[in-house]
Structure formats: C-alpha cells, structure tokens
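Enquirer: Got a sequence here, can you model it:
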Amino acid sequence: MSSIPSPVPWRLRHGAGFWVIAVAFLAAMAFSTVPTPLYPLYQARDGFPTIVVTVVFAAYAVGVVVSLFLAGHVSDWLGRRRVILAALLVSLLSAAIFLLWPDLPGLLVARFVNGLSIGALTATATAHLSELSAASRPERGPGRAALVSTLVNMGGLGLGPLVGGVVATLSPEPLVVPYAVFLVLFVVLGIAVSLVPETVERAEERPAYRPQRVALPASARPAFWAAAISAFGAFGVLGMFTALAPTFLAGTLHETSRLLAGAVPFATFMAGALAQVAVSRLALRRQIVLALVLVTAGLALVALGGVLASLPAFAGGGVVAGAGVGILFRSSVATVGALADPASRGEALAALFLVAYAGLAAPALLIGAALLVLPQPVVLVGFAALVVALVLVAGSRMLRPRPADPLGHEVDEHADADRDDDGDADGEERLVA
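Expert: Presented below is the predicted three-dimensional model:
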C-alpha cells in the first residue's frame, strides 16, 4: 500500500478532500443517532414497549459488528474512496428504508443496514483523513488528522440526536423529514466524495478475501480483558443514552420535548469528544484515573436524577459521565495498542472493538427488559451501580504494573491512543471507530 497523488485533473486537492471526507464522516455518524429523539414517537404510534426500542437499537450494533468483522479492512486493497462511497450509499439505503418502510420490521432492517455502513466507514474514513492530511501538509504530523477524526466521530454521534430533535420539533412530519434531509445530503456528499483523491494504490491482483482476523495478545491477556471490559462499560453508557434517554426523560422526569430528547444525548457525546482531546497530552495512568472518577461521579448524578426526578442532575450527570466514557475508551485503545506487538496490534484492537460494540447493545437490552418489571428510577440506579462496579474493577486492573511485551520491552505507560508504534496506520485503517 502506498500513498499516490491523483492523476485526474478534475479531482480535488488533498487538502480540500480532507475536509470533504471529514464532513461525510460527520454526516454519516450523525445519521446513525438521528432516531434517538424519535423513538418515543414510534412507541406512541405503534404502542410497542421500551424493550422493542432496545431491540431496534441493538440491530444497529449488530450491523456494526458484522461490518467491522467482514469489511473493516477491505479498503486496504479496494481503495479508501470506493469504500467510503459504498458506505454512504448504504446509509442512503437505510434512509430510504426509514421513509418507505416505517413499520417496526422496517425500523429493524433500516437500523441494521445503517450499522453495516458505519462499521465499514469509520475505519476507512479515519485512515483516509490521516493519509489526505499527510499528502497535503506532511509537516503537520498525524496529530491534526487524529484530532479531526475524534471530533467528527463522537461529535457526529452527538450531533445526530440534536438534529433529529430540532427537525422533529419544527416539522409537521417528524418521522419523515429527518430521513429525507439526510437522504438528500448523502446524494450531495457522494458526489463530493467521488472528487476526492485516492490515497491507496490498488494492486493489480487482489488478495484472496478473508474476514478480519481477531487475535488476543497472549502475553498480557488479563490486561487486555481489563481494557476490553472497560470499553464494554463505556459503550454501555453511550448505548443507554442513545437508546433510552428519551424514555427516561419522558417517564421519570416528565419531559416530553423532542428537542430536549436530542439535546441530552448530544451533550453527553460532545463531552466525550472534547474530553478525549483535552487529555491527549496526559500520561495514560492519569487518563485512566480521571476517567474512573468522572464515570463514577457522572453515573451517581444520573441515578440521583432518576430518584429525585431532577433534570439538572440527570443531564449534568450525563455530561460528566460522557467525559469519563470518552477518556476511558481512549485509554482502553491505548492500553491494548501498547500491549500488543506491531504484528498483532490490528487483531488485538479488532477484539477490543468487538467487545466494545457488544457493550453498546447488551446493556441497553437488559435495561429494556428490566423496565418491563421494575420502575424506571430503580433500573437507573441498578444500571449505574453495575457499570460503576464494572469499570472500577477493570480500570483498577488497567492501572497495575504492566508486564514486558512479547519482544521483551517494557510497555510504555505514556502510550498515546492515536499513535501506531510500527509507523503505519494499519490499526487505524481497520479499527478506529
């Protein structure tokens, strides 16, 4: 694989292409969370229980995992632009399904298809941003691309509920207009992405297809599992706010505003994105400690908000917990990247992401099931207690002294989540989400 300039004169320059890919990445991530403030409207229309909302949400997470496993790496030989265009086309298909098949089976299919798009897009777009930045301004180093990737990834996830809430509030057709807007947007972005330079030289002979390999670092499995369980807990918090925040707002807090239903998840995700940027220069151990404090304090506030029916406590706790979740996930990626030797780093990160996305779906499903038999405040307290216990145990294990890596070197305690020590972007290309 090598970076190549585009020979086609009507292609955009690499610098302009960087921002086109960033906007496309942002739009796709935002679309994946647009339904968040709309779930109560579907419930009111069709009369299904909250557990069904979590099943619809879980369909998305399953789609991401399947796509990550089957297609997260194919841009290495198909090319970045081609895979991004395909992912945008799949997102467009998802929007069309939302519009043309608005019943429950259609929601499940649309969310699954959307997950397929995101699983292929995140890794590819992250790699493409890094390569476009290097081609346009090589003197800047990888930091700019990593910063933009972080902001558009988690920031896009936060922007989606806000856009959905605003459009649903202002539109007389709240279950139609948000998807129609993104359908048109994906058409425009697809045209723009087709003009972006390719950064991967396609081989004359394609390698035989294989799914993404998944391997665990044999020399440090306890530390790996500690990081993976931390990521599972972090994604569990994100899954709860994405799938069920509107349910808790309407039920426990008696807040039925569609705008508020989008604003609370937006604030949670944005806190996570900005916190990752803010701590990028801290040593890894300090990041972990800070993340554990923020997650514990934030979830305690969320639980208190549920018990006291306090919107400021619930929303403020979401912001604090979101910041902790962002740092905790960054720390988990850094830990696994440092534990694995260069030859197995990609496979180790693949395993981490698969566990993390399981955390996106499984806790939300359990919460939905619990709400069938328990009051909402009780479920919130129980969820907060379980996640705090999980991340404290796993995070404490991450803080223990590290063993030597398989090559006999001490693991760098200051490892940065955005650095790939072997000098390539293989881990980023396939796995950063």
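Enquirer: How many residues are close by residue 129?
Expert: A count of nearby residues for residue 129, using other C-beta atoms under 10 Å, gives 26. Glycine gets a C-beta too; all of them are placed from N, C-alpha and C.
Enquirer: domain ranges for this protein?
Expert: Per automatic domain parsing, the structural domains of the chain span 1-202, 213-417.
Enquirer: ok now the longest one, how far from the chain's centre?
Expert: On the basis of C-alpha atoms, centre = their mean, to the nearest Å, the separation between the geometric centre of domain 213-417 and that of its chain is 11 Å.
Enquirer: if we can go back for a sec, could I get the domains of the chain in CSV, plus columns for mean pLDDT?
Expert: Listed next are the domains of the chain as CSV, based on pLDDT from 0 to 100:
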stretch, mean pLDDT
domain 1-202, 88
domain 213-417, 85
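Enquirer: which residues in the stretch 301-433 of the chain form helices?
Expert: Assigned by DSSP state H, counting those that start in this stretch, the helices in the stretch 301-433 of the chain fall at 311-339, 345-370, 376-398, 426-431.
Enquirer: Just list the residues touching residue 275, thanks.
Expert: Contacts for residue 275 (C-beta atoms under 8 Å, 6 or more residues apart in numbering) come out as 294, 322, 323, 324, 326, 327.
Enquirer: What count of nearby residues applies to the third one?
Expert: The one in question is residue 323. 26.
Enquirer: That one contacts residue 293, doesn't it?
Expert: No - contact criterion C-beta atoms under 8 Å: residue 323 and residue 293 do not qualify, at 10.2 Å.
Enquirer: what about the closest residue to residue 92 other than its chain neighbours, which helix or strand?
Expert: Leaving aside its chain neighbours, residue 92 sits nearest to residue 186 (4.2 Å; criterion: C-beta to C-beta, 6 or more residues apart in numbering). Using DSSP states H and E, residue 186 maps to helix 177-193.
Enquirer: Give the buried residues for that helix.
Expert: Buried residues in helix 177-193, counted by 16 or more other C-beta atoms under 10 Å: 177-183, 185-186, 189-190, 192-193.
Enquirer: Kindly report the same for stretch 71-81.
Expert: Neighbour counts over stretch 71-81 (16+ other C-beta under 10 Å) mark 71, 72, 73, 74, 75, 76, 78, 79, 80, 81 as buried.
Enquirer: Now render those as JSON lines, adding secondary structure and distance to residue 43.
Expert: As requested, these are exported to JSON lines (DSSP: H, G, I helix; E, B strand; the rest coil; distance: C-beta to C-beta, whole Å):
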{"residue": "71", "secondary structure": "helix", "distance to residue 43": "33"}
{"residue": "72", "secondary structure": "coil", "distance to residue 43": "33"}
{"residue": "73", "secondary structure": "coil", "distance to residue 43": "38"}
{"residue": "74", "secondary structure": "coil", "distance to residue 43": "37"}
{"residue": "75", "secondary structure": "helix", "distance to residue 43": "38"}
{"residue": "76", "secondary structure": "helix", "distance to residue 43": "42"}
{"residue": "78", "secondary structure": "helix", "distance to residue 43": "40"}
{"residue": "79", "secondary structure": "coil", "distance to residue 43": "42"}
{"residue": "80", "secondary structure": "helix", "distance to residue 43": "39"}
{"residue": "81", "secondary structure": "helix", "distance to residue 43": "40"}
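Enquirer: Of the residues you listed, just say which sits nearest to residue 364.
Expert: The closest of those to residue 364 turns out to be residue 72 (C-beta to C-beta; 22.6 Å).
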